[in-house]
Every structure is written in C-alpha cells, then in structure tokens.
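Trainee: Next input, structure requested:
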Amino acid sequence: IAVANGTAALHLALLAAGCGPGDDVLLPSLNFVAAANAILHIGATPVFCDIGGPDDLNVSADDLDAAVGPGTKAVVVMHYGGHPCRMAEILACAARHGLVVIEDAAHAPGARWEGRPCGTIGTIGCFSFFSNKNLATGEGGMVVTHDADLADRLKLLRSHGMTAVTWDRHRGHAHAYDVVTDGFNYRLDELRASIGLVQLERLLEQNERRARIVALYRDALDGFNGVSMPFQDDRDGSLASHHLAVVVLPETCARDDFRARLAAEGIQTSVHYPPIHRFSRYRDEPGVRRLPATDAVADRLVTLPLYPHMEEWQVALVIEACGAASAAKAAARARA
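Mentor: Presented below is the predicted three-dimensional model:
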C-alpha cells in the first residue's frame, strides 16, 4: 500500500495494529524521531530500548524483553543502516508477550534476513522513499503486510476512510462510496509511483555498489587508530542493503573535531542519529529508561559519504581524510 512518506507509513501501521491511548510501544532510541512522534500522535507512549553495542547498532532483543510491561502493545524495530535486526530473537520476544511487530525498513529495501525480505518478517513493514534512501522517489513510502484484514484497514485509513477511492470511480469500478472510519489523505501520487517503479528495477544493482564501497571503507578504517565499523559479520545469513556507512570513533577522539577536519577537505559527514531519549521533547517522558549501550556510542558515531555512483577515487579521498583526522588525534594524545 503506497503512501505519502515513511512517517505516514509508521502512523498507519500503528493505527492498523490497534495501538492507541494507554498502550506502550517499544522502539530503539538510536533512531529517527519520526517513529517516536508517530507513537505520540496516536496517544500511545514510546518506550525506548537499548542497542546491542558498538558492533551492533540495532535494538537489543534482551532489552526489548526487559522493557515489556503490562501496557505494551507493539514493538517497532528499525533495521539500522540496512543491516537486519536479530529477528529470530525479536519474534520470540514478541510471541512470548503477545506483541505486534512493526518493521521500520526505511533503510532496508533489498535487505534480507534468512532469505526473507526485510519489511515482510513482522506483522507490518514500513518503507520510506525519501530522496536519500536506497529506493528514492523524492518523497513517498509504503506499508506491507501479509494480513488481508490489516491491508483493508490500511487502505481505508490511507484515503479518508472511504470505501472507494477516486481511481476506482474513474475506472468505473465504483459509482458511490461510504465513509466508515476517520482516515487521512496519505496517498502516493502517480508521478512518484512511476519514479519508484523505475528505481525498483535498479535497487539490487545499486545495493551491490553500496556494498563494495562499504567493503573499501571497512578494509581501510576498521581498527585503524581505534576507529571501528559496526556490523562486521553477516548474522543469521543476512544480506544488508548498506544504506549507511557508519564508523564509531574511539572515546578519545572528539567527533566535532573529526568532522571539521573532513569538512575542511570538502567531505560532508552526518550523524545517525542523536538518540531520541536525549531530545528535550522526550527527556522527561515516562518511557525513558537507562540506555547505557546507546549512550556509550551516541557521541562517537559518524556517517561517511555513501551513494551508488560514488567513484573509487572519491572513496579513497574519504579514507585518506579519515586516516589523517584519526592519526592527528592519536598524535595529540601521544604528546599529551
């Protein structure tokens, strides 16, 4: 079910799953804020959970289990950077507690866990087609589910709660409609849908290009001057989509200085993400818990440039700049 954007996908997924006031929804704090905002918009409470550690930036299944309370209704798991979560453990946790599993697969089109496409493993999957995503239409999103009843509910919610949409009437498949629930105008337009169909044909090839670039980064930077790259192994036979190329700086390396050195060489970097539980809006929410693993890496994450048509000489420039920036810090520590 194509929708206007990834946030709309999350919003509709939560509503279709029956989440609402009085419910708790678990999610990783190392995440884009849209997930937490969507939970608040439906009147539920976001309960933030920890990551596995510096080698695994996905949500910890053990911490999900520890966070479950009497009001927990669902869990929203994000495949960070396009690396599949430990879904066997997450599904087992959800089964023990009767939770709905919503996959935030915004980073993971084309990624697979045990041969299954990410987004199709839980009850509902959500995708984003924003301009920086692996499958980009400029703006857009999608919700997927195997459950026919949920699909019908999602379609109603997407288009004003109407039993027949304009396209049905245009084709002569319906001449009238009823409104059976309060819905939204969350449809994707035809122009972006057309772009998406073309991009879909290119997805696997572009993901493979991303994987080759990440491999170059990893070979050069992982372990160099204390820098590390998470997700070193293919867990559960998973296939990543490599949406992000993230390094974890050593504790002694100031991230702002590191990024400034790269910026001076004309290299843009990003941070994915400032943890949601640290934002002013969420700091005092009842769902805030101690998240030591997230806090330990939060100020050390740097996202390096990564896009399918990136040339090897450009990758080499980034590697050289990262090496110089981390070496400068190492030299400064030695002098101290």
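Trainee: Point out where the protein drops to low pLDDT.
Mentor: Scanning the chain for pLDDT under 70 picks out 166-174, 233-236, 287, 329-336.
Trainee: Select the longest helix from it.
Mentor: Secondary structure of the chain per DSSP state H: the longest helix is helix 190-221.
Trainee: got the buried residues for it?
Mentor: Within helix 190-221, the residues that count as buried by 16 or more other C-beta atoms under 10 Å are 192, 195-196, 199, 203, 206-207, 209-210, 213-214, 216-218, 220-221. Any C-beta I mention is one placed from the backbone N, CA and C, and that applies to glycine too.
Trainee: Just list what that helix packs against, helices and strands only.
Mentor: strand 245-248, helix 312-335 (3 or more C-beta pairs under 8 Å, 6 or more residues apart in numbering; DSSP states H and E).
Trainee: which of those sits most buried?
Mentor: The highest average neighbour count among the helices and strands packed on helix 190-221, using mean count of other C-beta atoms under 10 Å, belongs to strand 245-248 at a mean of 22.
Trainee: which strands and helices sit next to it?
Mentor: Secondary elements touching strand 245-248 (3+ C-beta pairs under 8 Å, 6+ apart): helix 190-221, strand 301-304.
Trainee: Now do the helix or strand following that strand against helix 312-335, angle only.
Mentor: Per DSSP states H and E, the first helix or strand lying C-terminal to strand 245-248 is helix 255-264. Interaxial angle of helix 255-264 relative to helix 312-335 (axes from the mean of the first three to the mean of the last three C-alpha atoms, to 10 degrees): 140 degrees.
Trainee: by contact count, what packs against helix 255-264?
Mentor: strand 301-304, helix 312-335.
Trainee: Name the surrounding residues that touch the last one.
Mentor: Applying C-beta atoms under 8 Å, 6 or more residues apart in numbering, the set of residues contacting helix 312-335 from outside is 213, 216-217, 220-221, 224-227, 247, 249-250, 252-254, 257-258, 261-262, 265, 267, 304-305.
Trainee: now the angle from it to helix 190-221?
Mentor: 50 degrees.
Trainee: Need phi/psi at Leu110.
Mentor: I think there's a mix-up here, since residue 110 is Gly and not Leu. With angles defined as degrees, to the nearest 10, Gly110 sits at phi 90, psi -10.
Trainee: same question, Thr137
Mentor: phi -120, psi 10.
Trainee: now it: how far from Val33?
Mentor: Applying C-beta to C-beta, to the nearest Å, the value for Thr137 to Val33 is 22 Å.
Trainee: Which one's more surrounded, these two?
Mentor: For Thr137 and Val33, the more surrounded residue by other C-beta atoms under 10 Å is Thr137, and the numbers stand at 25 against 17.
Trainee: Wait, that one touches Ile195, no?
Mentor: Yes - with contact defined as C-beta atoms under 8 Å, Thr137 counts as touching Ile195 (4.5 Å).
Trainee: Next one: the closest residue in space to Met229 that isn't next to it in sequence from Asp55, what distance?
Mentor: Excluding the flanking residues, the one nearest Met229 by C-beta to C-beta, 6 or more residues apart in numbering is Asp222, at 4.5 Å. For Asp222, the distance to Asp55 equals 10 Å [C-beta to C-beta].
Trainee: Need the residues touching each of those two.
Mentor: Contacts common to Asp222 and Asp55, judged by C-beta under 8 Å, 6+ apart, are Ser228, Gln232.
Trainee: Direction included, what does the strand ranked longest in the chain pair up with?
Mentor: In the chain, assigned by DSSP state E, the strand with the most residues is strand 72-78. Sheet pairing of strand 72-78 (DSSP bridges) gives strand 24-28 (parallel), strand 100-104 (parallel).
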